[in-house]
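J.: Got a predicted model here, sequence first, then my questions.
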Amino acid sequence: MDKFSENMKKVILAGIGAAASTAEKSKDFLEEMVEKGELTVEQGKVLNEELKHNIRQKVREVTGRKDEGEGISDEDLSGILEKLTPEQLRALKEKLAAEEPAEEQAEAEEAEEAKDE
């Protein structure tokens, strides 16, 4: 009987040790995932800046101008868009979607100011 209680004690201590070890490894894993997430955000920011630069450069190549929007025909713009990679197109769509609400709000404010005058 003495051996049985000693074996039970060992099993219980082993279970507690396994739980403690699992908690510690989970914490380390979670911290590693947070670091990777932060790295991914930073990479996304860098990629976004590169995309902006590439689009500006392609617009300049097509138009031969430094002003980035004036004088671009629909055909030229279509040509530029066809040359973009799927990742560049997705990033451009996200950027445009983010800017739409800001433009709508600016237009609403201008209309409100015009009403007040």
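T.: Nice, thanks for sending it over. Numbering: from 1, shown residues only.

J.: and the longest helix for the chain?
T.: Ordering each helix of the chain by length in residues (DSSP state H) puts helix 2-63 first.

J.: and Lys52, how far is that from Gln43?
T.: 15 Å (C-beta to C-beta, to the nearest Å). The way it works is simple: take the backbone N, C-alpha and C, and place the C-beta from them, glycine included.

J.: more crowded one of those two?
T.: Lys52 (13 against 10; other C-beta atoms under 10 Å).

J.: Apart from its chain neighbours, what residue comes closest to that one?
T.: Residue nearest to Lys52 in three dimensions, not counting chain neighbours: Lys95, with 8.0 Å by C-beta to C-beta, 6 or more residues apart in numbering.

J.: separation between the one you found and Glu87?
T.: Lys95 is 13 Å from Glu87, by C-beta to C-beta.

J.: who has more neighbours, the two?
T.: Per other C-beta under 10 Å, whichever of Lys95 and Glu87 has more neighbours is Lys95, with 14 against 10.

J.: Can you give me the buried ones in stretch 85-99?
T.: Gln88, Ala91 (16 or more other C-beta atoms under 10 Å).

J.: So for it, mean pLDDT?
T.: Mean pLDDT, stretch 85-99: 82.

J.: can you check stretch 43-57 too?
T.: 80.
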